[in-house]
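> structure for the following, please:
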Amino acid sequence: MYCPHDDYLTSMPGNSLRIIPTKSDENWNYYSETEGNKSFKEIVELIDKYALPILNSTKSSVEIISCYERNIFRQRKFGNKILWGTQGWENFDFGHIYLRAGNKSKSIRQFKKCYREFSNDKRDWAQIAAKDCLKIIEIIKQGDNFITNYLTDIINTSKENLKLEKW
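Numbering: from 1, shown residues only. The predicted model follows:
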């Protein structure tokens with residue numbers, strides 16, 4: 001959702017649902033119509049059993065955080081069924097999610113983690129991401145009006161970059 005650059009999603013995949021509890025990287029069998037139909041049925045059942053409950057539980061920043069944060073037993077609501085993102089980008093995303101939920105201190109912590117991850121990486125995109133983190137931290141420190149304007153701008157930019165203008 002918080003995608004400041006056109007190549008953000010294509011260069012750094014992540015945030016996928018692990019809805020296949022018994023398969024790792026196996027593909028479903030489509031060698032025949034019968035096998036294909038059996039595979040489609042299994043896929044629909046897995047989506048219904050795993051993906052939809054996760055998607056229905058993560059419609060807002062607060063709900064996403066509730067699924068992401070660990071309880072007193074160090075467990076997340078959906079265990080390891082959600083891969084929240086790749087190292088660094090997970091922090092970038094959750095910095096925005098915490099900010100959207102109004103938790104500035106956790107947001108800043110996430111952006112600082114992201115900055116530490118990317119500032120040591122000499123690739124151009126990592127250096128840009130590290131600088132973005134520092135800019136966002138400064139915006140947060142400037143106050144609520146700046147945060148609101150930033151979030152509005154970044155969400156609109158993301159919708160444009162991801163071709164989601166109708167959302």
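> and the gap between the nearest residue to Gln87 once chain neighbours are set aside and Asn91?
Of all residues not flanking Gln87 in the chain, Glu117 sits nearest, at 5.9 Å (Cβ to Cβ, 6 or more residues apart in numbering). In this view, the C-beta of every residue, glycine as well, is placed from N, C-alpha and C. Distance, Glu117 to Asn91, using Cβ to Cβ, to the nearest Å: 7 Å.
> same question, Asn29
From Asn29 to Asn91 the distance is 38 Å (Cβ to Cβ).
> quick one: which of these two has more around it?
Taking neighbours as other Cβ atoms under 10 Å, Asn29 and Asn91 compare with Asn91 leading, 22 against 12.
> correct me if wrong: Tyr98 contacts Ser107.
Yes: assessed by Cβ atoms under 8 Å, Tyr98 is found in contact with Ser107 at 3.9 Å.
> and for Ile137, nearest residue in space, chain neighbours not counted?
Using Cβ to Cβ, 6+ apart, the nearest residue to Ile137 is Phe111, at 5.2 Å.
> give me the mean pLDDT for the helix or strand hosting the one you found.
Taking DSSP states H and E as the criterion, Phe111 maps to helix 104-119. The pLDDT scores in helix 104-119 average 96.
> how far does it sit from the chain's center?
15 Å (Cα atoms, centre = their mean, to the nearest Å).
> helices and strands around it, which ones?
Counting contacts by 3 or more Cβ pairs under 8 Å, 6 or more residues apart in numbering; DSSP states H and E, helix 104-119 is packed against helix 89-100, helix 124-142.
> and it, what's buried?
104, 106-108, 110-111, 113-115, 117-119 (16 or more other Cβ atoms under 10 Å).
> show me what contacts Asn29?
By Cβ atoms under 8 Å, 6 or more residues apart in numbering, the contact list for Asn29 reads 35-36, 38-39.
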